[in-house]
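Peer 1: got a predicted model here, sequence first, then my questions.
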Amino acid sequence: MSFQPIKSLQPVKSLQPVKSLQPVKGHQSIKNLNTALISVDLVAFQLSQNNRLQVLVHQLPENEHPQLPAGRIEPEHDNCLEDTAKRQLSRLTTEPATYFEQVITIGDNRRDSRGWSLTVVYYVLLRPADEQSLQSGATWIDIENGQPATPLAYDHTQLVMEALERLRNKIQYSALPIYLLPKAFTLSDIPNVFSVILGKAPPMRSIRNRFLNSDLLQDTGKKRYGSNRPATLYQVNKHSDNLLFDRLYLTTRAEK
């Protein structure tokens, strides 16, 4: 079978130059360009000195309520989403995070008055720190009854609740409790983290079996002295990759 010759292509008309976009002041550029505002929001948790779970916030002059650390992705500085999250954290505290995890991505045209908004939400864990590590305008607020004790701007209260639910679930089968503790801690400090976050804790024998029968902890060679016998001080083994365990603690499972 003979093939039909292909008709010659017609020359394409020259493209008309695109009119340059005029810079738009303020936030109106979001709506004029018909694009979404994309950001990374951060839910940073710590345990306070008086054993309260807290979340990091800051106050902006234009908002009535404080808000979570949040900001847009900057391609010239950020190679990945976690870089953006770390940059937002560093704006509010000099204390480095011990753990990062992406929680949820949400977006719609109602969460921000400026237009369509999408955010990637991370939660991070930090060691207990004093107020000197905070930047100006930043503060820690308590978590009470599963949400921030103070109302937050935008939908940030809901974001905290989403992150807290993930944390509550994951500490039951992971090593996350030790990432909320100081650099040096005892085994008896670990069930305290469960008690603060879940309202109940596994027995000490289960703590010993799980955390000592792995390479998660390193003996610092130091002791904590108190009314009882001296307790060994441990630190997190930075080279360990043993983060998840194969089962939940029976005593910390949520009641149905």
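Peer 2: Cool, the structure landed. Just so you know, these numbers come straight off a predicted model, no measurement behind them.
Peer 1: now the helices for the chain?
Peer 2: Along the chain, the stretches classed as helices by DSSP state H are 28-32, 81-90, 156-170, 189-198, 204-212.
Peer 1: give me the distance between the two termini of stretch 222-237.
Peer 2: End-to-end distance of stretch 222-237 (Cα to Cα, to the nearest Å): 16 Å.
Peer 1: for it, the distance to its chain's centre please.
Peer 2: 30 Å (Cα atoms, centre = their mean, to the nearest Å).
Peer 1: avg pLDDT for it?
Peer 2: Across stretch 222-237, pLDDT averages out at 91.
Peer 1: now tell me what touches that stretch from outside.
Peer 2: Contact with stretch 222-237 is made by 98, 178-179, 183-188, 215-220, as judged by Cβ atoms under 8 Å, 6 or more residues apart in numbering. Placement of C-beta: from N, CA and C, glycine included.
Peer 1: the nearest residue to Leu68 once chain neighbours are set aside: what's it in contact with?
Peer 2: Residue nearest to Leu68 in three dimensions, not counting chain neighbours: His156, with 4.7 Å by Cβ to Cβ, 6 or more residues apart in numbering. Taking Cβ under 8 Å, 6+ apart, we find His156 in contact with 41, 57, 67-68, 70.
Peer 1: can you do 10 Å?
Peer 2: Contact partners of His156, counting by Cβ atoms under 10 Å, 6 or more residues apart in numbering, are 41, 43, 55, 57, 65-70, 111, 119, 121, 148.
Peer 1: hmm, which of those is lowest in pLDDT?
Peer 2: Among the contacts of His156, Arg111 carries the lowest pLDDT, at 71.
Peer 1: hmm, Ala70 and it touching each other?
Peer 2: No - under the criterion of Cβ atoms under 10 Å, Arg111 makes no contact with Ala70, lying 11.3 Å away.
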